[in-house]
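*Asks:* Below are the sequence and a predicted model for it; my questions follow.
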Amino acid sequence: MNHFAIITAFGQDRPGIVALMADSLYQLGCNIEDTCMTRLRGEFTMMLMVRLPESMAAEDLARRLIPYTTPLDLAVLCRAMPDLAATRQTALEIPTFILSVYGADHPGIVAQVARTVARHQGNITDMNTRVVGSGDRPIYVMVLEVQLPEAQQADQLRQALEELKPLLGVDLTFRLLESVTF
Amino acid sequence: MAIRPILQYPHQALKSTNAAVAPSDPAVQAVVQDMLDTLAASPGVALAAPQIGHAVQVIVVDVSRKKGERGHGLVVLLNPVILSLEGKKSVREGCLSVPDYTGNVLRYEEALVEGLTPEGRVVTVSASGFGALAFQHEVDHLNGMLFLDRIESLSTDLFRRKK
């Protein structure tokens, strides 16, 4: 029976972090499955889903990894992944939307936007945010991928987001993500 | 003729080179018919010959199979080439030969495509929107290219860093 773990790890960005992590996992007998990694300013962050060797429990993975990752001073956290969550799902035809929000930076933008999405049963499946603009006039930009159980709910969510604009002082667009399969 | 299975990567037919064809070749007409039968039985709007295992330059496109799209109706092209592309756009694209995955690729709004009809007449097709995407995708197949070869970023790609 396959069993899986999720690893999050991060450390100061430099060449060789991915190589070190991948090689460590390989030597421990783990198989890297889906991953997402990016650089947040000076920090490189990794999320990895791995298939564990039969003999290894997820709880042991962090302890076994740390000797390998210490040279690069990575913070590492591991947790067992429920089988159901680890199963590859056939991509369902769930209506997917892209929401971009941007405006002068101030605390609360993410919280209010996310709360509004949640209140309309929207599921955030991907999200990136970034502070851009000049140092004295920072602009906050966020892009979310949102899935809704029913496309009809889009209008209500769009309306609620429109109402947020003056409250938060942001601009935003909410649009259907067109995905084409040939 | 027959409905053929649509091959999925890593089948090497999808990464091979494909030969130009002569409309007078009866074997080509058989390939076209198989493609039409397979397309009719598939959930898609277009097919390229290598997707059903024929290493020849034939595509069939029928965007009217998608609700709300008309395009040029059913188009069969032998030896198609793209003459020009205009209007860059990023599209989340998927492929029947690479199931359950989509990626953001750079495509164009307008495509001018030239090829031969099954009767051997030279035609140019001016496609736009969804239809233009279909032709770009299918001509890629004839060159052994999958959308995976064109992926720009794995996620929402608004934050690509300037180099």
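*Replies:* All right, it came through fine.
*Asks:* Tell me the confidence at the residue nearest the centre of chain A?
*Replies:* Geometric centre of chain A, nearest residue: residue A:126, 5.4 Å, by CA atoms, centre = their mean. On pLDDT, residue A:126 comes in at 92.
*Asks:* again, but for the one 3 residues further on
*Replies:* The confidence metric pLDDT takes the value 94 at residue A:129.
*Asks:* do residue B:158 as well
*Replies:* 50.
*Asks:* Regarding chain B, what is its longest helix?
*Replies:* Scanning chain B for the longest helix, with DSSP state H as the assignment, gives helix B:26-41.
*Asks:* let me fix that: chain A
*Replies:* Max-length helix for chain A by DSSP H is helix A:153-168.
*Asks:* That one - what's its average pLDDT?
*Replies:* 95.
*Asks:* Tell me if residue B:1 really is in a helix.
*Replies:* No - Residue B:1 is assigned coil when assessed by DSSP: H, G, I helix; E, B strand; the rest coil, not a helix.
*Asks:* Doesn't residue B:21 belong to a helix?
*Replies:* No - secondary structure of residue B:21 (three-state DSSP): coil, not part of a helix.
*Asks:* so what's the residue nearest to the centre of chain A bridging to?
*Replies:* Counting by DSSP bridges, residue A:126 is bridged to residue A:145.
*Asks:* Just to check, it is in contact with residue A:177?
*Replies:* No - if you go by CB atoms under 8 Å, residue A:126 and residue A:177 don't touch, sitting 10.3 Å apart. C-betas here are computed from N, CA, C, even on glycine.
*Asks:* Could you say which helix or strand holds residue B:4?
*Replies:* For residue B:4, there is no enclosing helix or strand under DSSP states H and E.
*Asks:* Which elements pack onto the longest helix of chain A?
*Replies:* Helix A:153-168 sits against strand A:96-104, helix A:109-119, strand A:170-176, with contacts defined as 3 or more CB pairs under 8 Å, 6 or more residues apart in numbering or on different chains; DSSP states H and E.
*Asks:* Put together TSV for these, with mean neighbour count and distance to residue B:85 on each row.
*Replies:* What follows is these, written out as TSV (neighbours: other CB atoms under 10 Å in any protein chain shown; distance: least, CB to CB, whole Å):
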stretch	mean neighbour count	distance to residue B:85
strand A:96-104	19	24
helix A:109-119	16	36
strand A:170-176	15	24
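*Asks:* Give me the buried stretch members for the helix or strand hosting residue B:127, please.
*Replies:* Using DSSP H and E, residue B:127 maps to strand B:122-128. For strand B:122-128, the neighbour count (16 or more other CB atoms under 10 Å in any protein chain shown) marks B:125, B:127 as buried.
*Asks:* Mind listing residues that contact that strand?
*Replies:* Outside strand B:122-128, the residues that touch it by CB atoms under 8 Å, 6 or more residues apart in numbering or on different chains are B:71-72, B:75, B:77, B:83, B:109-117, B:134-135.
*Asks:* Tell me the one among these nearest to residue A:60.
*Replies:* Taking CB to CB as the measure, residue A:60 lies nearest residue B:134 of the contacts of strand B:122-128, at 50.4 Å.
*Asks:* I'd guessed the closest one sits against residue A:182; true?
*Replies:* Yes - counting by CB under 8 Å, residue B:134 touches residue A:182, with 5.7 Å between them.
*Asks:* quick one on the thing from earlier: buried ones in the longest helix of chain A?
*Replies:* For helix A:153-168, the buried set under the neighbour-count rule, 16+ other CB under 10 Å, comprises A:154, A:157, A:158, A:160, A:161, A:164, A:168.
*Asks:* Secondary structure class of the residue nearest the centre of chain B, three-state.
*Replies:* Among the residues of chain B, residue B:138 comes closest to the average C-alpha position under CA atoms, centre = their mean, at 1.3 Å. What three-state DSSP gives for residue B:138 is helix.
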